[in-house]
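> generate a structure from the sequence data that follows.
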Amino acid sequence: MKAAVLAVCVFSAAKSLIGQTAGSVKMKDQLKLILDILLALVITAPFVSGFADFQLPEIGNYELADYDCSQELYDAALAEQTASNVCDILAEQIAAAGIDCEKITAEVNILSDGSISISRVTVNTEDIEGAAEVIRNTLGGETEVVNEGDN
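The predicted structure is shown next:
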């Protein structure tokens, strides 16, 4: 790197000197263009040679395992956030239906294709039939609704 900086400095000084001495030469613009091109080559040469030696590291098993772990953590966080959101919405809808409900929990699964499945909802209420109807109307008829007091 030190050699590259030194080469750029020396070439810039030489370019400046040549530009000053060629003050009234007819081809001054062409000489400046050639010197600018040479300066660009001197500046980029260390980087180009560095890229030629650049190699990507081999992917080891540990990196793939880290990705799998990251995907599992992401899926778990997504399932937890989705369950929280679903429970909040269901609580609002059950309250709007005039049903008293103390607690709602949803069992959320993230499938391998990335889709979200809500297979079971547990509620703590006196009116399980009314709550179950609201939940099934919201999430679908196949959703299992369980009263927490029955467990």
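> drop to CA atoms for contacts and neighbour counts, all remaining ones
Will do.
> Val121 against Val108, yeah?
No: Val121 lies out of contact with Val108 (Cα atoms under 8 Å); the separation is 9.0 Å.
> these two: which is more packed in?
Val121 (24 against 21; other Cα atoms under 10 Å).
> doesn't that one belong to a strand?
Yes: looking at Val121 with DSSP: H, G, I helix; E, B strand; the rest coil, it is inside a strand.
> who does it form a beta bridge with?
Residues in a beta bridge with Val121, per DSSP bridges, are Ala106, Val145.
> from Thr143, how far off is it?
7 Å (Cα to Cα, to the nearest Å).
> also Ala14?
Taken as Cα to Cα, the span from Ala14 to Thr143 is 81 Å.
> okay, those two: which has more neighbours?
Ranked by neighbour count (other Cα under 10 Å), Ala14 and Thr143 place Thr143 first, with 17 against 13.
> who's in contact with that one?
Neighbouring residues of Thr143 by Cα atoms under 8 Å, 6 or more residues apart in numbering: Ile118, Ser119, Arg120, Val121, Ile135, Arg136.
> the residue lying closest to the fifth one once chain neighbours are set aside is in what secondary structure piece?
By that I understand Ile135. Spatially, and ignoring its direct neighbours in sequence, Ile135 is nearest to Leu90 (6.7 Å; Cα to Cα, 6 or more residues apart in numbering). Assigned by DSSP states H and E, Leu90 falls within helix 61-96.
> only the buried residues of that helix, if you could.
75, 78-80, 82-84, 86-87, 90-91, 93-94 (16 or more other Cα atoms under 10 Å).
> please apply the same query to stretch 31-45.
Leu31, Lys32, Leu35, Leu39, Val42, Ile43.
> the fourth one against Val8, yeah?
Spelled out, that is Leu39. Yes: Leu39 lies in contact with Val8 (Cα under 8 Å); the separation is 7.2 Å.
> can you give me the pLDDT of the residue nearest to Ile135?
Looking at Leu90, its pLDDT stands at 89.
> repeat for Gly98
pLDDT, Gly98: 90.
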